[in-house]
Each structure stands twice: as C-alpha cells, then as structure tokens.
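S.K.: sequence first, then the predicted structure, then my questions.
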Amino acid sequence: MLLQRIFASTLLVACFCLILMAWPYQAPFSYEPIGPRAFPLLMLGLMGLALVYMVYRPSPIKHSEEDPPLDRETLFKIARCVLLLLAFAALFEPLGFILSSILVGIPMARLYGGRWLPGTVIICLLSVGLYLLFDKVMDVPLPLGLLDVLEN
C-alpha cells in the first residue's frame, strides 16, 4: 500500500508541475473555440483528482485471482501497446488521422484478441467516423495526410 501511495504522490507532483507549465501557454492563433490550453489542463486536472483519491483512500487496492499476473507475456503486451501508440504519434501528421488510426488500430485490436475481419471493419468505420465527428461537427481540424486529395 505504501508503494501505491508513493507512486500516486510522485505522479501528483508531476501533474502539478505540468499544470504550472501549461497554465501560461497562449497560442498566437487557435483552431479550437476554447483554445489549445484547455485540453491539457482538463486532462491533468482530472488525473490529479484521481491521484489525490489514490493517495488518501482508506484501503489498498486488493488484487483478486482473476487479475492477470504481471508476467513476461503481460509486460510484452504492454510494451507492444506503447510502441503502437508511439507509432500513431509518429504517423499522425505524415499519413493523417484516418490512415494512421487504421494502421495502428488493427494491430491494437489484434493485440487484445480481436478477429481480423470484424476488427478491420470496425477500425475503418471508427477512423472515418471520428474524423468526421471532430472535423465537421466539432470543428477541430485533423490532418488528412495522404488523403488530402479527397478534400475539395
């Protein structure tokens, strides 16, 4: 329990430092109506609230027999997940949101036990649907990358 509280306290200090760094940020121009500062501050604030709960909760987290063990296979799966997220970040600008989401989403679905055909169909629909939601409905522009030719 002490290690959990130390870990949560360390992350809480990191959140606080990141909030202090993000607070004065002002972009010279902004695509979003609320500005680029709101999202990181909101995420860090919510994470900070959860970490405060972790530090001061009355009892430790109990692990049951159903929890997966933290063995080599689980650690390897976590490492592959992190590598896929890094690949998404690297491919986001050059390939665009839709293609990078598809190229990273399908292996991610397979990593967590998804079947090929349903996973591919769902990832493709989600990628296009999320692009349309953000770009057209919420007016948050996302890069199209290689699919720029489709935009009029």
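M.R.: Now that the structure is in, tell me what you want to look at.
S.K.: I'd like the distance between Leu20 and Val104.
M.R.: 32 Å (C-beta to C-beta, to the nearest Å). For the C-beta atoms, the positions are set from N, CA and C on the backbone; glycine is no exception.
S.K.: so for the two, which sits in the more crowded spot?
M.R.: The neighbour count for Leu20 versus Val104, taken as other C-beta atoms under 10 Å, is higher for Val104 (23 against 10).
S.K.: quick one, domains of the protein?
M.R.: As recorded under automatic domain parsing, the domains making up the chain are 1-62, 66-152.
S.K.: out of those, which gets the lowest mean score?
M.R.: Mean pLDDT values for those show the minimum at domain 1-62, a mean of 80.
S.K.: pull the distance from that one to the chain's centre.
M.R.: 14 Å (C-alpha atoms, centre = their mean, to the nearest Å).
S.K.: what about the spatially most central residue of the chain, which SS state?
M.R.: With distances taken as C-alpha atoms, centre = their mean, Leu85 lies nearest the centre of the chain, 7.9 Å away. Three-state assignment for Leu85 (DSSP: H, G, I helix; E, B strand; the rest coil): helix.
S.K.: next up, the contacts around it.
M.R.: The contact partners of Leu85, by C-beta atoms under 8 Å, 6 or more residues apart in numbering, come to Val104.
S.K.: you'd agree Tyr25 is up against Arg37?
M.R.: Yes. Using C-beta atoms under 8 Å, Tyr25 makes contact with Arg37 at a distance of 5.0 Å.
S.K.: cheers, nothing more for now.
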